[in-house]
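A.B. asks: Got a predicted structure here, sequence first:
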Amino acid sequence: MANKTTAEKLATIQKGYALEGATIELGAALIDGELHKDAPVRLPLAMMNRHGLVAGATGTGKTVTLHMMAEQLSTAGVPVFLADIKGDLSGLATAAPGSEKLLARTESIGQDWHGKTFPVEFLALGGDGNGIPVRATVTSFGPILLSRIMELNDTQESSLQLVFYFADKNGLELIDLKDLRAVIQFLTSDEGKDELEQLGGLSKATAGVILRELVTLEAQGLEKFFGEPEFDTAELLRTAPDGRGVVTCLELPTLQNKPMLFSTFLMWLLADLFEDLPEAGDLDKPKLVFFLDEAHLLFNGASKAFLDAITSTVRLIRSKGVGIFFVTQTPKDVPADVLGQLANRVQHALRAFTPEDAKALRATVSTFPLSDYDLEETLTSAGIGEAVITVMNDKGAPTPVALTRLRAPESVMGPSDEALVRSTVAGSALLGKYGTAVDNPSAYEKLTGKTAAPTGPAASAGTPGGTSQQNDVDAEARRIEEEILGRPSSRTSHNSSGSDDAAERPGTVPAPRAPRAPEPQRQSQPGGGIMGDLGGVLGGALGGGLKSMARSVGTQLGRELLRGMFGTSSRRRRR
């Protein structure tokens, strides 16, 4: 390896990247310190669904790399999904201005550079930002992903799955967090104790803990991410009228406050795509390429069920035409079972300032094929905008490792003007579909006998700041701990009498409670079980109309909603 001449090394790279079919141009090879624009490094478009990894230390150019790849994918007619954590990727909607320095760089690698704009759709999680609001229903999100956000342990996660099972079997739609809270409150009430017992593995104490964590989510303002209209992940697969792929850019302006929600929500998008897309086999180009930034957030503290679901999704979604690129600092951020499925590697520079850094560097080097480079030295000396690359060629074999000077994006490497983002959102066809939240009757209304609250701008305009809502949540949290968990509340009460202080303070409204009623007389129903009991309980407690509803739901006994690997439930299965 050390005895090869520069010409021999050059010939190896030229031969290794002489690919057939459409490609994504990544840059030009650097060999023995010299740039060779006659040795282009490229990635076959047909192999983008073999997944990939873009890694490197902070500030080495990872975001610019995925920006550049997204532009070329869009040009090739491939839709792209990007999580815009720093706000830099909105620049795809603005053509970059040329400069003498930029043009000198692009000419040196053989890039014919022209400033361009690209078709961009701006989304925002729950409307937290300028983009189109993205929401999911609780039932679609599923128990495994929700457990991840709530940071439940394995036992509590299994118990939450039983709650979802109960709701699915009994026709109790879990649209938003108050629906899930109402179901758990029913199960922990006197009226629901028989149903709780029939669920077996779900204890009242564990249900109470889950309920408390649920109220905590509401207190943190996360309820706005759950609800309707639910985002249809098919929107990610669109192309523009000129045939270019739409680049969907998800704004994450408050990621630092909700990192677990961000990473888990991205996995919901992937899980929903996986459940809805048909098998596609090998395609000339992928249906979608999904860049999952800050990938380490997905795996930190993840349960075994969650990790298993990620691994299975990555393994199987390839055959449905979707490519996933994990973006993180080092390969060790990604579990081995997932890392082994990432055939396309773009490794930016690493730092080795500490013993832990040196260990991570050696581990990274060990994941690359044998090469003509001293990778430990190369990875610590690579400049900004340079990366060590190996990809899967058009025959399914790894290409030679190549230190590469990467291409420059043709749109702005930074945020677009906010006025442009706002005007793009205002003109989007998705705004009318997803712009206003709705609150349809669901489990909460069925179990409490209340009508759905007003929704939309007019309703939100009448809310006095949110202080009353916060008091309600605090009061409900105290009640859960004291009445359900049977212990003093961990939340401060300003009421010495021990009753809910929210009910006694002027200007506040007590937290809503499910109506209590005398235990109804139960009649044995053909088939018995949970459904027959639920019909009697709900009918006695909430009235004859709901009893009729519960009986009609009882005809679905034995028919369970199928759920995916994450416990998710797609729109197609819910119809």
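C.D. replies: On my side now, so go ahead. Residues are numbered from 1 along each chain as shown.

A.B. asks: which residues touch the nearest residue to Lys287 once chain neighbours are set aside?
C.D. replies: Spatially, and ignoring its direct neighbours in sequence, Lys287 is nearest to Gly321 (3.7 Å; C-beta to C-beta, 6 or more residues apart in numbering). C-beta here means a position set from N, CA and C on the backbone, and glycine is covered the same way. Shown in contact with Gly321 (C-beta atoms under 8 Å, 6 or more residues apart in numbering): 49, 277, 280, 283, 286-288.

A.B. asks: Same list, these, but as CSV with distance to Pro259 and pLDDT please.
C.D. replies: Shown next, in CSV, are the contacts of Gly321 (distance: C-beta to C-beta, whole Å; pLDDT from 0 to 100):
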residue, distance to Pro259, pLDDT
Asn49, 27, 92
Leu277, 28, 91
Ala280, 32, 88
Leu283, 33, 91
Pro286, 28, 95
Lys287, 28, 96
Leu288, 24, 97
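
A.B. asks: And those, which is closest to Thr264?
C.D. replies: Closest to Thr264 out of these is Leu288 (19.5 Å), distances taken as C-beta to C-beta.

A.B. asks: Enumerate every residue touching the closest one.
C.D. replies: Neighbours of Leu288 in contact, by C-beta under 8 Å, 6+ apart: 78-81, 236-237, 273, 321-323.

A.B. asks: still on that earlier bit, what about the residue nearest to Lys287, distance to Phe118?
C.D. replies: To Phe118, Gly321 is 21 Å away according to C-beta to C-beta, to the nearest Å.

A.B. asks: and what of Gly385?
C.D. replies: For Gly385 relative to Phe118 (C-beta to C-beta), the value is 20 Å.

A.B. asks: Looking at these two, which is more packed in?
C.D. replies: Phe118 (24 against 19; other C-beta atoms under 10 Å).

A.B. asks: Between its first and last residues, what's the separation in stretch 307-326?
C.D. replies: 15 Å (C-alpha to C-alpha, to the nearest Å).

A.B. asks: List the buried residues in it.
C.D. replies: Judged by neighbour count (16 or more other C-beta atoms under 10 Å), stretch 307-326 contains these buried residues: 309-311, 313-314, 317-318, 320-326.

A.B. asks: In the chain, which residue sits furthest out from the middle?
C.D. replies: Asn3 (47.9 Å; C-alpha atoms, centre = their mean).

A.B. asks: Nearest to Thr436 among the buried residues of stretch 307-326?
C.D. replies: Nearest to Thr436, judged by C-beta to C-beta, of those is Val322 at 29.7 Å.

A.B. asks: Let me see the contact set for that closest one.
C.D. replies: If you count contacts by C-beta under 8 Å, 6+ apart, Val322 has them with 49, 270, 273-274, 277, 286-290.

A.B. asks: from the residues you listed, which two are the most distant?
C.D. replies: Phe274 and Val289 (14.8 Å).

A.B. asks: Between those two, which is the more surrounded one?
C.D. replies: A direct count of neighbours by other C-beta under 10 Å for Phe274 and Val289 places Val289 higher, at 29 against 22.

A.B. asks: Show me what the more buried one is bridged to.
C.D. replies: Applying DSSP bridges to Val289 gives these bridge partners: Val80, Gly323.

A.B. asks: Look up the pLDDT of it for me, please.
C.D. replies: On the pLDDT scale, Val289 is placed at 97.

A.B. asks: Wait, a helix at Ile24?
C.D. replies: No - according to DSSP: H, G, I helix; E, B strand; the rest coil, Ile24 belongs to no helix; its state is strand.

A.B. asks: Please tell me how far it sits from Val80.
C.D. replies: 11 Å.

A.B. asks: what are the ranges of the helices in the stretch 351-500 of the chain?
C.D. replies: Per DSSP state H, counting those that start in this stretch, the stretch 351-500 of the chain carries helices over the ranges 355-366, 375-381, 418-426, 431-434, 443-448, 457-461, 467-479.

A.B. asks: An error on my part: the question was meant for the stretch 51-200 of the chain.
C.D. replies: With DSSP H, counting those that start in this stretch as the criterion, the stretch 51-200 of the chain has helices at 62-75, 100-108, 138-141, 143-150, 154-169, 177-187, 193-198.

A.B. asks: Any buried residues in the second one, and which?
C.D. replies: The neighbour-count criterion (16+ other C-beta under 10 Å) identifies 105-106 as the buried residues of helix 100-108.
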